[in-house]
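> Provide a 3D model corresponding to the input given below.
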Amino acid sequence: MAQPLRKELEALRARWQLCCRDGALPRRSDFPPESLVPWIGHIEVVEAVPAQGTVRFRVRLVGTRIVYYEGRDNTGLFLDDVIPAEDRDTVLAPYRQCLEHRQPVYSTFYSCATAAISSLLERLILPLGGDSGAVDQFLVAIYRAPAQAQEEST
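Numbering: from 1, shown residues only. Predicted coordinates:
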């Protein structure tokens, strides 16, 4: 990733990198809840679910700050069911890129949920491997972009 990341995202990326061993991706079990305390409200776990020749993305866990940003809790829901059709390809493209390349993906986006706050969000998607070595989950961190977060605190 060429662009510099905010310190929280860089620290999580470094933690993920430490868990990469012998070319294998980290597993979900490499990130017990107590190891995620610095990021816990900003963490989302998304599962890659094979479905009729494609992959769908189901939210398994959502941090409280992400619920605030989105204006709702998407736990248990497929992202393509909650993202409006006109935004779906743009919002899901980083997940597909991460799945294909097995590397972290950084992106920015605006939440498209009706009840969401209107601000730019930063997202780091980290691939996690399953028993077969294929990507089966993603550890995702979402933060308000620095300028947006600064405005919120003033």
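
> residues contacting Ala14?
Counting by Cβ atoms under 8 Å, 6 or more residues apart in numbering, Ala14 touches no other residue. All C-beta spots, glycine's among them, are computed from the backbone N, C-alpha and C.

> May I have the secondary structure class of it?
Following DSSP: H, G, I helix; E, B strand; the rest coil, the label given to Ala14 is helix.

> low pLDDT regions in the protein?
1-4, 112-118, 147-154 (pLDDT under 70).

> From what I see, Gly71 and Ser111 are in contact.
Yes - assessed by Cβ atoms under 8 Å, Gly71 is found in contact with Ser111 at 7.4 Å.

> So if I had to pick from these two, which one is more boxed in?
Taking neighbours as other Cβ atoms under 10 Å, Gly71 and Ser111 compare with Ser111 leading, 21 against 12.

> Now do the lengthiest helix in the chain: which elements does it pack against?
If you go by DSSP state H, the chain has its longest helix at helix 85-101. When contacts are defined as 3 or more Cβ pairs under 8 Å, 6 or more residues apart in numbering; DSSP states H and E, helix 85-101 packs onto strand 43-51, strand 54-62, helix 79-82, strand 105-110, strand 120-129, strand 135-144.

> how about those, which one is nearest Leu9?
When the helices and strands packed on helix 85-101 are ranked by proximity to Leu9, the top entry is strand 120-129, at 4.5 Å, counting by Cβ to Cβ.

> Which strands or helices does that closest one pack on?
Partner elements for strand 120-129 (3+ Cβ pairs under 8 Å, 6+ apart): helix 7-18, helix 85-101, strand 105-110, strand 135-144, helix 146-153.

> so can I have TSV of these showing distance to Thr54?
Shown next, in TSV, are the helices and strands packed on strand 120-129 (distance: least, Cβ to Cβ, whole Å):
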stretch	distance to Thr54
helix 7-18	26
helix 85-101	10
strand 105-110	18
strand 135-144	14
helix 146-153	33
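
> Out of the ones you listed, which gets nearest to Phe31?
strand 135-144 (6.1 Å).
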